[in-house]
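Visitor: got a predicted model here, sequence first, then my questions.
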Amino acid sequence: MLCLLIAPAKSADFEDFGDIDRAWDGQKSITNKEFEEVMDALQSNQKKKDEKQRKKLIKKISGGGTSLHGGLEPNQEIKELPELKRDTEGQLLSIPVNIVAGGQVLEKGFYNVSAEKDSDNKIYLLFYQSQFLKGKVPAKETKDDFNEENLNFVKLLPCTDSTVKIIYGSLDFNAYTYLHFKQD
């Protein structure tokens with residue numbers, strides 16, 4: 001009796017495979033170009049998903065939005081910083097008044113100002129015109145950068161009716177000095 005039940009069940013299942021020879025009759029053939037276009041579309045969708053996940057991760061890490069400090073946005077390119085150079089040639093300074101420097105008078109004009117630190121760690125500002133040293137003035141070292149944008153700088157700032165302040169900055173140190181000037 002068991003054999004009689006198994007035989008009709010197998011024959012019913014076998015009848016489903018009768019059309020196996022005609023299974024591919026209704027399908028369309030696809031060219032290589034069409035296949036590549038479909039694959040490119042699928043890959044571009046995957047790239048969009050990856051980019052979206054990356055942005056979500058950046059937003060999660062950085063807190064989203066822009067940073068409080070300029071130049072720190074997550075999508076901004078990092079710029080290459082210029083190489084730091086020592087001030088070997090000095091900085092050009094225009095002096096509009098006659099300055100009394102160390103008992104000498106520095107006349108109005110342009111001066112190339114550099115600084116040096118001697119063996120006792122005293123700092124001197126040196127005023128040159130061409131290759132000639134026109135004056136040497138003691139200065140005080142400071143940690144203040146005087147809110148200057150550049151690392152190497154020299155400026156003349158008016159203080160009182162008879163005094164000016166000269167500020168100097170370089171990679172090695174920053175310094176300043178007060179000098180009197182003669183009225184014309």
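Guide: Sure thing, it's come through. Residues are numbered from 1 along each chain as shown.
Visitor: same question for the biggest helix by length in the chain, mean pLDDT?
Guide: In the chain, taking DSSP state H as the definition, the longest helix is helix 32-62. Predicted confidence along helix 32-62 averages 86 (mean pLDDT).
Visitor: now that helix: how far from the chain's centre is it?
Guide: With Cα atoms, centre = their mean, to the nearest Å as the basis, helix 32-62 stands 29 Å off its chain's centre.
Visitor: give the buried residues for it.
Guide: Within helix 32-62, no residue is scored as buried using 16 or more other Cβ atoms under 10 Å. Heads up, the C-betas are built off the backbone N, CA and C, glycines and all.
Visitor: now the element after that helix, going C-ward?
Guide: strand 91-95 (DSSP states H and E).
Visitor: coming back round to it: helices or strands up against the longest helix of the chain?
Guide: Here helix 32-62 touches no other helix or strand, going by 3 or more Cβ pairs under 8 Å, 6 or more residues apart in numbering; DSSP states H and E.
Visitor: now the residue nearest to K182 when sequence neighbours are not counted, what are its backbone angles?
Guide: Nearest residue to K182 in three dimensions, chain neighbours excluded: N98, at 4.5 Å (Cβ to Cβ, 6 or more residues apart in numbering). Here is the backbone geometry of N98 (degrees, to the nearest 10): phi -80, psi 120.
Visitor: would you mind measuring from N98 to N32?
Guide: N98 sits 87 Å away from N32, going by Cβ to Cβ, to the nearest Å.
Visitor: do Y168 as well
Guide: From Y168 to N32 the distance is 72 Å (Cβ to Cβ).
Visitor: can you check M39 too?
Guide: With Cβ to Cβ as the criterion, M39 and N32 are 10 Å apart.
Visitor: got the end-to-end distance for stretch 116-124?
Guide: With Cα to Cα, to the nearest Å as the measure, the ends of stretch 116-124 fall 5 Å from one another.
Visitor: buried ones in it, by neighbour count?
Guide: So, applying 16+ other Cβ under 10 Å, buried residues of stretch 116-124: I123, Y124.
Visitor: again with stretch 128-140
Guide: Neighbour count says stretch 128-140 has K134, G135, V137, A139 buried, by 16+ other Cβ under 10 Å.
Visitor: now do the contacts for the first one.
Guide: Translated: K134. Q104, L106, Y111, F127, Y128 (Cβ atoms under 8 Å, 6 or more residues apart in numbering).
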